[in-house]
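>>> For reference, the sequence and a predicted model appear below.
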Amino acid sequence: MAVRSAFQYLLATSGRKLKLTLVPEFEIKRKNSSIRVDGALIDEFHLSHGYWEAKDEKDDLDREIKSKLERGYPRKLCAESRGPSRCSGYQIPESLCELCVLCGERF
């Protein structure tokens, strides 16, 4: 849980520089259901500019993404925190980058 809260703080702080607010546990209402993402960056008009999903290092990220798309998750940019040293950026379904948070090395 410590990684999740640290990454949440990082997103919130970074978002403020762009005049975006991180809303934890953001609910996206769909026609017949709703989806709750770990966080969303929204602007002053309550428009979302990106979503965050926390994952741990044991998760199969490709399978998780496929599952989320099948359940109606948005295809906007998603940041995935993956343990204490790695995070990934995705414009679903394609990976933008995966990097080491500690040294900046891309994978």
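Done, it's in. Residues are numbered from 1 along each chain as shown.
>>> Let me know the helix or strand that Ala6 is in.
According to DSSP states H and E, Ala6 maps onto helix 2-17.
>>> Pull out the buried residues from that helix.
Within helix 2-17, the residues that qualify as buried are 3-4, 7-8, 11-12, 15, counting by 16 or more other Cβ atoms under 10 Å. The way it works is simple: take the backbone N, C-alpha and C, and place the C-beta from them, glycine included.
>>> quick one: average pLDDT of that helix?
Taken as a whole, helix 2-17 carries a mean pLDDT of 83.
>>> Run through the neighbouring helices and strands of it.
For helix 2-17, the packing partners by 3 or more Cβ pairs under 8 Å, 6 or more residues apart in numbering; DSSP states H and E come out as strand 21-29, strand 34-42, strand 48-55, strand 77-82.
>>> Same list (the ones you listed) but as JSON lines, adding mean neighbour count, distance to Ser67 and mean pLDDT.
Below are the helices and strands packed on helix 2-17 laid out as JSON lines (neighbours: other Cβ atoms under 10 Å; distance: least, Cβ to Cβ, whole Å; pLDDT from 0 to 100):
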{"stretch": "strand 21-29", "mean neighbour count": "14", "distance to Ser67": "16", "mean pLDDT": "93"}
{"stretch": "strand 34-42", "mean neighbour count": "19", "distance to Ser67": "12", "mean pLDDT": "90"}
{"stretch": "strand 48-55", "mean neighbour count": "19", "distance to Ser67": "11", "mean pLDDT": "82"}
{"stretch": "strand 77-82", "mean neighbour count": "20", "distance to Ser67": "13", "mean pLDDT": "60"}
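>>> Ile65: which of the ones you listed is closest?
Ranking the helices and strands packed on helix 2-17 by proximity to Ile65 (Cβ to Cβ) places strand 77-82 first, at 8.1 Å.
>>> wait, isn't Pro74 in contact with Trp52?
No: Pro74 is beyond contact range of Trp52, at 11.6 Å (criterion: Cβ atoms under 8 Å).
>>> And for Asp60, the neighbour number?
10 (other Cβ atoms under 10 Å).
>>> make that Lys31, sorry
Neighbour tally, Lys31, other Cβ under 10 Å: 6.
>>> so how far is Ser67 from it?
19 Å (Cβ to Cβ, to the nearest Å).
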